[in-house]
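> Sequence below, structure please.
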Amino acid sequence: MSHPPSSTPIASDPTPRDSTPKDATSKNAPARYPSSKGLKAGSIGIGPTVALGLAAVAPAYSLAVTLGFVVLAVGASTPAAFLLGFVPILFTALAFRDLNKEMPDCGGVFVWITRVFGPTAGWFLGGWVPQMATFIASAALAQVATTYLLNFFGLAWIAAEPIAVAAIACGLVALSAWIAARGIELSAWVQYALIGLQLVALGGFCVAAFTAMSTGNTTDGSEKPALEWFNPLASGDISGLVSGVILCLFIYWGWDALIAVNEETTDRKGTPGKAVVITTVILLFFYVVTATAAVGYAGTASITNPETVSDVLSVLGPQAAGEVFGQVITLAVGLSALAALMTVAVSTPRTWLSMGTYGALPKATTKMHSKRGTPTTSIAWWAIITMAITLGLTAISPDFIGLGILSVGLMIAAYYAATALASVVYFAPLMRTSASALILKGILPGLGALLMIGAFAYSAVDMLSPEYVGLSWLGIGSVFWIGIGALILGLLVTAILRTRLRRFFSGQAIPRGNITTRNQLSSILSNDTLINETEA
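Purely as a prediction, here's the structure:
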């Protein structure tokens, strides 16, 4: 791959933390590089960063609740659906890797999209859209973690009470916020333990399932694995395959949360990009192997049984690995959701910290703990808002959170597509310099963007149907109202904020440009023009 010409990137040569003014968020404070926001640089390496990325995806939970529906869509071709669904994810991951190398900021997609497409697109597609998806997912994660953990401890009668579940879920949100506020090192080590349990549980299930297949101790209806399972065209049902791939986008979603800790890694320009690729490849391996093991052990008919389809691992786990290890799998699914929630408590406040630094949010979001290097105010607000959403959605309907999760796919596809397109535009001048730059920085991210746009359009049309999940309003599917409604609301909020956050929306904080003009932003940052204020 052809590397960019040697020059000073946006956030190179970080200012030592000791030199950061104590009143760094005051109106007249000198400008700061993004690296001097108060975060603890060099705190974590590649291992903890990958652990955070994996934890954010919640692989055990994602597989447990989605695998059955992928099998329902494509049957034995489920491994192929995971392989095909990985393609746009990998292409998008390349865009994240390259943009992070150029602009290693904890704001990630917010900074990148703003830099390329301007402040309005940056605030909406890089701020509102991923944050709305994350908040809806956080409410679901807190609820799922609560339900699974209660069932594991034999308290199913409490898990059947929505109010009790919501109250305990809020407690888990508070716990996640407390751990996040204690420092990035503690958060990373907690995720090490939680992701380790998940991988052990998934690996144990796969070993047990394959062992059962080799000894002939499978369930009725089991199917012998075949090469056709890995061929995307073998199913012959293109519509079903597309539906399965779109479900896989949700299963893979979340790895980009590790970008939020880029300023705290040992090599903020290289480590997060490597971690993104490593994380997605690990997910691909476990997803394909687990899907193969499940279909081979139980068969498509058993997996799509109404009693199994929505929670495959909890049902098949005890059958394949025994009751004791089956309980470990149930615990792993619950802790998987909790691990993802804890990762959100780390990533979302850091995005707000970056937005506040550039004047896209109130300057209170930039308040840091002097010793722990954590954005305490943003973490507290994340916890409050998440608890409010959890309680609010539960009050509307216990099923409303589930409907919200289905709508998240639209938001994922939207901001992934915007990020991939931003990468193509930003690196466009390099594409004339070498074939590798054309392919890796142009063609592949561009294809990723097109695939994401296609997934968005297909999902939106599918959700329009009043038969979608059997719930509708005014003849239109309820999930469509939630997803598109959230996007329209975001456009309205963005329009209102344009009149209040004038400095950011004028383009002065993050001027538009590409790789040929990157020194422009570096110069602006070093000449005291980055002011952490709002003009509300």
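> Any stretches of the chain with poor pLDDT?
For the chain, applying pLDDT under 70 flags the ranges 1-36, 235-240, 397-403, 469-470, 472, 518-536.
> who's in contact with the residue nearest the centre of it?
By Cα atoms, centre = their mean, the chain has its centre lying nearest to residue 254, at 2.0 Å. By Cβ atoms under 8 Å, 6 or more residues apart in numbering, the contact list for residue 254 reads 53, 56-58, 340, 343. C-beta here means a position set from N, CA and C on the backbone, and glycine is covered the same way.
> could you measure it against residue 62, distance?
Residue 254 is 8 Å from residue 62, where distance means Cβ to Cβ, to the nearest Å.
> Phi first, then psi, for residue 514.
phi -130, psi -160 (degrees, to the nearest 10).
> quick one, what contacts it?
If you count contacts by Cβ under 8 Å, 6+ apart, residue 514 has them with 116, 425-429.
> what does residue 87 give?
Listed by Cβ under 8 Å, 6+ apart, the contact set of residue 87 reads 448, 451.
> what's the next secondary structure element after whatever helix or strand it lives in?
Here residue 87 sits within helix 78-102, counting by DSSP states H and E. Per DSSP H and E, the first helix or strand lying C-terminal to helix 78-102 is helix 109-117.
> Now for the closest residue to residue 113 other than its chain neighbours: which residues touch it?
Spatially, and ignoring its direct neighbours in sequence, residue 113 is nearest to residue 126 (3.9 Å; Cβ to Cβ, 6 or more residues apart in numbering). Taking Cβ under 8 Å, 6+ apart as the contact definition, residue 126 lies against 107-114, 415, 418-419.
> Residue 135 now?
Applying Cβ under 8 Å, 6+ apart to residue 135 gives the contacts 385-386, 389.
> pretty sure residue 262 contacts residue 275?
No. Residue 262 is beyond contact range of residue 275, at 9.1 Å (criterion: Cβ atoms under 8 Å).
> Restricted to helices, list the contacts of residue 514.
If you go by DSSP state H, the contacts of residue 514 have 116, 425-426 in helices.
> coming back round to it: filter the contacts of residue 514 to the buried ones?
Buried by 16 or more other Cβ atoms under 10 Å: 116, 425-428, out of these.
> As TSV, these with distance to residue 454 would be great.
Listed next are the buried ones among the contacts of residue 514 as TSV, based on distance: Cβ to Cβ, whole Å:
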residue	distance to residue 454
116	21
425	19
426	22
427	22
428	22
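> which other helices and strands contact the helix or strand hosting residue 421?
In this assignment (DSSP H and E), residue 421 forms part of helix 400-426. Contacts defined by 3 or more Cβ pairs under 8 Å, 6 or more residues apart in numbering; DSSP states H and E place helix 400-426 against helix 78-102, helix 109-117, helix 129-152, helix 238-252, helix 376-396, helix 444-464, helix 478-497.
> Outside of stretch 151-166 itself, list whatever touches it.
143, 146-147, 150, 168, 327, 330-331, 334, 390-391, 394, 398.
> Out of those, which end up buried?
For the contacts of stretch 151-166, a neighbour count by 16+ other Cβ under 10 Å gives the buried set as 143, 146-147, 150, 168, 327, 330-331, 334, 390-391, 394.
> okay, those residues in JSON lines with distance to residue 298 next?
Supplementary listing: the buried ones among the contacts of stretch 151-166 in JSON lines, determined by distance: Cβ to Cβ, whole Å:
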{"residue": "143", "distance to residue 298": "27"}
{"residue": "146", "distance to residue 298": "28"}
{"residue": "147", "distance to residue 298": "23"}
{"residue": "150", "distance to residue 298": "26"}
{"residue": "168", "distance to residue 298": "32"}
{"residue": "327", "distance to residue 298": "19"}
{"residue": "330", "distance to residue 298": "17"}
{"residue": "331", "distance to residue 298": "21"}
{"residue": "334", "distance to residue 298": "22"}
{"residue": "390", "distance to residue 298": "33"}
{"residue": "391", "distance to residue 298": "38"}
{"residue": "394", "distance to residue 298": "33"}
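> And the residues you listed, which two are furthest apart?
327 and 391 (30.1 Å; Cβ to Cβ).
> Now do stretch 229-248: distance from first to last residue.
Using Cα to Cα, to the nearest Å, the end-to-end distance of stretch 229-248 comes out at 16 Å.
> Output the contacting helices and strands for the helix or strand harbouring residue 204.
In this assignment (DSSP H and E), residue 204 forms part of helix 184-215. On a contact count with 3+ Cβ pairs under 8 Å, 6+ apart, helix 184-215 meets helix 46-57, helix 59-74, helix 162-182, helix 271-303, helix 312-357.
> What are the buried residues along it?
By neighbour count, and taking 16+ other Cβ under 10 Å as the criterion, the buried residues in helix 184-215 are 184, 187-188, 190-192, 194-195, 197-198, 201-202, 204-206, 208-210, 212-213.
> Would you mind checking the contacts of residue 135 for buried ones?
Among those, those scoring as buried are 386, 389 (criterion: 16+ other Cβ under 10 Å).
> Rebuild the contacts of residue 514 as TSV, extending it with distance to residue 298.
Converted to TSV, those look like this (distance: Cβ to Cβ, whole Å):
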residue	distance to residue 298
116	47
425	46
426	46
427	46
428	49
429	53
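> of the residues you listed, closest to residue 225?
Using Cβ to Cβ, residue 427 is the member of the contacts of residue 514 that lies nearest residue 225, at 40.8 Å.
> I'd like the distance between the nearest residue to the closest one once chain neighbours are set aside and residue 287.
Take residue 427 and drop its neighbours on the chain: the residue closest to it by Cβ to Cβ, 6+ apart is residue 441, 4.0 Å away. Distance of residue 441 to residue 287, computed by Cβ to Cβ: 27 Å.
> Not including adjacent chain positions, what is the nearest residue to residue 302?
Sequence neighbours aside, residue 221 is the residue nearest to residue 302 in space, at 5.1 Å (criterion: Cβ to Cβ, 6+ apart).
> Relative to residue 449, how far out is the one you found?
In terms of Cβ to Cβ, residue 221 sits 41 Å off from residue 449.
> likewise residue 340?
To residue 449, residue 340 is 26 Å away according to Cβ to Cβ.
> same thing with residue 81?
Between residue 81 and residue 449 the distance is 21 Å, computed by Cβ to Cβ.
> Which two among the contacts of stretch 151-166 are spaced furthest apart?
Maximum pairwise distance among the contacts of stretch 151-166 (Cβ to Cβ): 30.1 Å, between 327 and 391.
> just checking, residue 272 touches residue 258?
Yes. Between residue 272 and residue 258 a contact is recorded at 6.0 Å, counting by Cβ under 8 Å.
> ok so, going back, can you pick out the residue with more neighbours from residue 81 and residue 449?
More crowded of residue 81 and residue 449, by other Cβ atoms under 10 Å: residue 81, with 30 against 24.
> Run a quick neighbour tally on the spatially closest residue to residue 250 that is not a sequence neighbour.
Distance criterion Cβ to Cβ, 6+ apart; nearest residue to residue 250, sequence neighbours excluded, is residue 409 at 5.4 Å. Using other Cβ under 10 Å, residue 409 has 24 neighbouring residues.
> CA atoms only for stretch 89-99 - export them in CSV, please.
Provided in CSV are the C-alpha atoms of stretch 89-99 (Å, rounded to 0.1, in the frame of the first residue of the first chain):
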residue,chain,number,x,y,z
ILE,A,89,-17.5,-4.9,7.1
LEU,A,90,-13.9,-5.6,6.0
PHE,A,91,-14.0,-2.9,3.3
THR,A,92,-15.4,-0.4,5.9
ALA,A,93,-12.8,-1.5,8.4
LEU,A,94,-10.1,-0.5,5.9
ALA,A,95,-11.6,2.9,5.8
PHE,A,96,-11.6,3.2,9.6
ARG,A,97,-8.0,2.0,9.7
ASP,A,98,-6.7,4.6,7.1
LEU,A,99,-8.7,7.5,8.5
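> Could you save the helices and strands packed on helix 400-426 as a markdown table and add columns showing distance to residue 176?
Output for the helices and strands packed on helix 400-426, formatted as a markdown table (distance: least, Cβ to Cβ, whole Å):
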| stretch | distance to residue 176 |
| --- | --- |
| helix 78-102 | 24 |
| helix 109-117 | 22 |
| helix 129-152 | 8 |
| helix 238-252 | 21 |
| helix 376-396 | 8 |
| helix 444-464 | 29 |
| helix 478-497 | 23 |
